[in-house]
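Student: I would like the atomic coordinates for the input below:
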Amino acid sequence: MAVALVAAGSTVLASALAGLSSDPAVASSHREAPLIAGDPPVDNTDVYAFVSPDKPDTVTLLANWYPFQEPNGGPNFYPWATDAHYDVNIDNDGDAKADLVYRWTFRTEDRRGKATFLYNNGPVTSLDDENLLFRQSYSLQVFDRYGRSTTLIKSGRVAPSNTGPASMPDYPVLRDQAISDVKGGGKSFAGQADDAFFLDLRVFDLLYGGDLSEVGQDTLAGYNVNTIALQVPKAALALKGDPGRNPVIGIWSDTERKSITLRSPGAQKSAGRDVQVSRLGNPLVNEVVVPAALKDTFNGLKPEQDRKVPALVNRVSDPEVPKLVEAIYGIPAPPGPRADLVEIFLTGITTKLDGPIKADLNSQLNNADVDPRRFAPSEQLRLNTAIAPTAQPNRLGVLAGDLQGYPNGRRLTDDVLDIGVQALEGAAVNGIVEPLAAGDGVNQNDSAFGSSFPYVALPHNTSVNSSSSGGAAAPFGWGNLPIKPALAGLVAVALIGSGVVLYRRQSRGNAAGGPVPVT
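Tutor: The predicted structure follows:
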């Protein structure tokens with residue numbers, strides 16, 4: 001049965017959705033809540049879910065943590081927390097409870113000891129290189145809805161923080177070595193990557209200066225994040241293992257920490273029960289939909305609890321942003337209550353709830369084997385895995401007639417800030433709001449994405465703050481000293497006499513595992 005995504009009058013989308021069958025064979029959360037902003041290693045920033053463009057029988061799930069990583073932030077750089085669980089959750093029957101939980105748990109091997117402060121003490125050419133002194137690995141488990149677990153990876157290797165071109169001259173090799181095969185089919189990756197979210201965050205300065213003058217700068221350009229990526233067959237995620245009858249899944253990520261942390265000089269121990277401290281599904285929800293008093297609460301809620309918090313549901317059906325746009329730019333806010341936003345954020349888009357968006361796109365209610373009596377509205381990112389990858393993705397996703405884009409899942413190239421603003425202004429029902437059509441002026445990522453797993457761009461290895469008012473300094477090194485060659489010996493003596501210690505490549509026989517001083 002052919003359907004249209006929007007009500008009569010939204011001709012932009014109606015024609016694009018012809019033939020979609022009901023039975024087919026916004027920094028998202030970089031500093032969204034007070035408590036998690038103080039614990040960046042477990043702060044979940046973004047979730048992506050899409051049918052893999054080069055392997056359309058699989059789904060790729062991506063989740064990022066640890067925002068605003070300045071590439072030069074040594075000497076400790078950006079490790080995964082070892083006293084936390086990093087989870088990606090799947091709800092395939094719409095009851096707002098996880099039917100599958102993929103869990104990454106990290107371990108650290110720190111070879112530095114008392115010998116050095118260095119992350120690496122020479123060029124690193126592989127994950128097994130003796131010069132890589134700080135290493136992490138992980139186990140990957142999947143839990144079913146009854147809590148039964150299966151170990152998919154026992155000891156996956158983590159791609160390290162990119163400490164610079166001299167230290168890691170061929171970082172793509174390190175990334176490739178950090179991709180592990182998943183038991184039962186698929187791939188897993190954990191490591192540092194470019195932050196794939198692109199936008200101008202001056203949205204918080206009275207919506208781009210109050211006159212749209214503050215646009216066009218990608219605030220996150222040059223920053224890195226820690227990324228988990230998982231690619232698995234569609235059947236592994238679908239209800240009853242049948243993606244033909246049950247193509248829609250809901251996705252969210254979370255982080256759990258131990259409830260007690262005991263610190264003493266030189267030691268730290270975590271204990272107590274696991275507590276959820278971060279949660280993310282749709283982008284920008286906790287930042288621009290949830291009010292300040294509920295932000296920490298939202299990070300601790302399970303999706304099944306969402307509908308029991310009226311203040312949260314009310315902020316979806318009566319959002320703040322359209323009122324701000326009306327006050328600043330004079331564009332009338334759509335009348336409430338906003339049933340269109342309830343579909344986008346809480347139920348998925350379906351005709352089975354008689355909402356204003358007339359389509360069967362990405363609600364679990366569209367799965368043939370779902371019991372509608374158990375369906376529960378909740379905030380999740382929902383993906384219809386039956387929709388094939390788009391040959392030429394449109395950054396505005398579904399609003400531009402590209403059904404594989406956000407809010408049907410989320411691809412790396414989807415411009416979720418512009419999509420989100422348009423959706424809040426009623427575009428899913430009434431079409432694009434032309435006065436805001438230019439958006440924030442940031443339409444693509446600062447780095448190109450890859451064409452194969454894990455798709456995210458490589459991490460940056462140069463400073464975000466690359467400008468200098470004092471002119472560029474000459475690089476230091478024995479081969480390009482800004483002095484006459486005859487003075488090189490005197491400089492060397494002066495440096496050694498000043499206590500500068502040079503290091504040579506670590507000997508394999510060095511039992512202490514640290515760098516060996518050159519004397």
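Student: Where does the prediction get shaky in this protein?
Tutor: By pLDDT under 70, the low-scoring segments of the chain are 1-29, 260-268, 270-271, 467-519.
Student: and Ala229, what does it touch?
Tutor: Neighbouring residues of Ala229 by Cβ atoms under 8 Å, 6 or more residues apart in numbering: 60-62, 187-190, 453-456. Just so you know, the C-beta spots here come from the backbone N, C-alpha and C atoms, and that holds for glycine as well.
Student: Please name the bridge partners of it.
Tutor: Leu62, Phe189 (DSSP bridges).
Student: just the helices in the stretch 1-150 of the chain please.
Tutor: Ranges of helices in the stretch 1-150 of the chain, per DSSP state H, counting those that start in this stretch, are 11-14, 34-37.
Student: Buried residues, the last one. List them.
Tutor: In other words, helix 34-37. Using 16 or more other Cβ atoms under 10 Å as the test for burial, helix 34-37 gives Ile36.
Student: still on that earlier bit, possible to save the contacts of Ala229 as JSON lines with distance to Gly348 and neighbour count?
Tutor: Output for the contacts of Ala229, formatted as JSON lines (distance: Cβ to Cβ, whole Å; neighbours: other Cβ atoms under 10 Å):
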{"residue": "Thr60", "distance to Gly348": "20", "neighbour count": "24"}
{"residue": "Leu61", "distance to Gly348": "17", "neighbour count": "24"}
{"residue": "Leu62", "distance to Gly348": "20", "neighbour count": "27"}
{"residue": "Lys187", "distance to Gly348": "27", "neighbour count": "20"}
{"residue": "Ser188", "distance to Gly348": "27", "neighbour count": "23"}
{"residue": "Phe189", "distance to Gly348": "28", "neighbour count": "24"}
{"residue": "Ala190", "distance to Gly348": "29", "neighbour count": "27"}
{"residue": "Phe453", "distance to Gly348": "26", "neighbour count": "20"}
{"residue": "Pro454", "distance to Gly348": "26", "neighbour count": "24"}
{"residue": "Tyr455", "distance to Gly348": "24", "neighbour count": "24"}
{"residue": "Val456", "distance to Gly348": "26", "neighbour count": "25"}
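Student: any idea which of those residues is closest to Ile331?
Tutor: Among those, Leu62 lies closest to Ile331 (Cβ to Cβ), at 33.5 Å.
Student: from what I can see that closest one touches Gln231, true?
Tutor: No: using Cβ atoms under 8 Å, Leu62 is not in contact with Gln231; the gap is 9.5 Å.
Student: what do the two both touch?
Tutor: Residues touching both Leu62 and Gln231 (Cβ under 8 Å, 6+ apart) are Pro454.
Student: starting at the chain centroid, how far to the lengthiest strand in the chain?
Tutor: In the chain, taking DSSP state E as the definition, the longest strand is strand 248-264. The chain centroid and the centroid of strand 248-264 are separated by 15 Å under Cα atoms, centre = their mean, to the nearest Å.
Student: Can you name the next helix or strand after that strand?
Tutor: Following strand 248-264 in sequence order, the next helix or strand is strand 267-280 (DSSP states H and E).
Student: Report the buried residues of that following strand.
Tutor: By neighbour count on 16+ other Cβ under 10 Å, the buried set for strand 267-280 is 270, 276-280.
Student: What is the neighbour count of Gly74?
Tutor: Residues near Gly74, counting by other Cβ atoms under 10 Å, number 15.
Student: my read: it touches Tyr119, true?
Tutor: Yes: Gly74 lies in contact with Tyr119 (Cβ under 8 Å); the separation is 6.3 Å.
Student: Between those two, which contacts overlap?
Tutor: Shared contacts of Gly74 and Tyr119, defined by Cβ under 8 Å, 6+ apart, comprise Thr163.
Student: Remind me what the longest strand of the chain packs against, helices and strands.
Tutor: The contact analysis (3 or more Cβ pairs under 8 Å, 6 or more residues apart in numbering; DSSP states H and E) places strand 248-264 against strand 44-51, strand 58-69, strand 84-91, strand 267-280, strand 381-384.
Student: mind saving the C-alpha coords of it as CSV?
Tutor: Taking Å, rounded to 0.1, in the frame of the first residue of the first chain, the C-alpha atoms of strand 248-264 are listed here in CSV:
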residue,chain,number,x,y,z
VAL,A,248,12.2,-1.7,12.3
ILE,A,249,14.6,-1.4,15.3
GLY,A,250,15.0,1.2,18.0
ILE,A,251,18.5,2.1,19.1
TRP,A,252,20.0,4.0,22.0
SER,A,253,23.4,4.0,23.8
ASP,A,254,24.2,4.4,27.5
THR,A,255,27.1,4.3,29.9
GLU,A,256,27.1,2.7,33.4
ARG,A,257,29.5,3.4,36.1
LYS,A,258,30.0,1.9,39.5
SER,A,259,28.1,3.9,42.1
ILE,A,260,31.0,4.3,44.5
THR,A,261,34.5,5.5,43.8
LEU,A,262,37.2,5.3,46.5
ARG,A,263,40.3,7.4,46.1
SER,A,264,43.5,7.4,48.1
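Student: next SSE after the helix or strand encompassing Val225?
Tutor: Assigned by DSSP H and E, Val225 falls within strand 224-233. Moving toward the C-terminus from strand 224-233, the next helix or strand (DSSP H and E) is helix 234-237.
Student: Can you tell me what sits against that next one?
Tutor: Contacting residues not belonging to helix 234-237 are listed as 51, 57-59, 90, 92, 100, 184-186, 241-243, 247, 249, 385 [Cβ under 8 Å, 6+ apart].
Student: Looking at the residues you listed, state which has the most neighbours.
Tutor: Taking other Cβ under 10 Å as the neighbour criterion, Ile249 ranks highest of these with 30 neighbours.
Student: Enumerate every residue touching it.
Tutor: Going by Cβ under 8 Å, 6+ apart, Ile249 touches 49, 59, 90-92, 237-238, 364, 382-383, 385.
Student: What segments of the stretch 1-150 of the chain are strands?
Tutor: Assigned strands in the stretch 1-150 of the chain, in chain order: 44-51, 58-69, 84-91, 100-110, 134-144, 149-157 (criterion: DSSP state E, counting those that start in this stretch).
Student: Compile these into JSON lines and extend it with columns for distance to Gly409.
Tutor: Formatted as JSON lines, the strands of the stretch 1-150 of the chain follow (distance: least, Cβ to Cβ, whole Å):
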{"stretch": "strand 44-51", "distance to Gly409": "4"}
{"stretch": "strand 58-69", "distance to Gly409": "9"}
{"stretch": "strand 84-91", "distance to Gly409": "12"}
{"stretch": "strand 100-110", "distance to Gly409": "16"}
{"stretch": "strand 134-144", "distance to Gly409": "20"}
{"stretch": "strand 149-157", "distance to Gly409": "22"}
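Student: so which of those comes closest to Lys352?
Tutor: Each of the strands of the stretch 1-150 of the chain has some distance to Lys352 by Cβ to Cβ; the shortest is strand 84-91, at 16.6 Å.
Student: The closest one pairs with which strands, parallel or anti?
Tutor: In the sheet, strand 84-91 lines up with strand 100-110 (antiparallel), strand 248-264 (antiparallel) (DSSP bridges).
Student: mind listing what's buried in the last one?
Tutor: Yep, that's strand 248-264 we're talking about. Those would be 248-258, for strand 248-264 by 16+ other Cβ under 10 Å.
Student: Could you do the first one as well?
Tutor: Counting neighbours by 16+ other Cβ under 10 Å, one finds that the buried residues in strand 100-110 are 100-106.
Student: Of these, just say which sits nearest to Glu214.
Tutor: Checking those against Glu214 by Cβ to Cβ gives Trp104 as the nearest, at 37.8 Å.
Student: Then Phe298 would be within a helix, right?
Tutor: Yes: under DSSP: H, G, I helix; E, B strand; the rest coil, Phe298 falls within a helix.
Student: Quick one: neighbours of it, just the number.
Tutor: Counted with other Cβ under 10 Å, Phe298 comes out at 24.
Student: and what of Phe77?
Tutor: Phe77: 18 neighbours (other Cβ under 10 Å).
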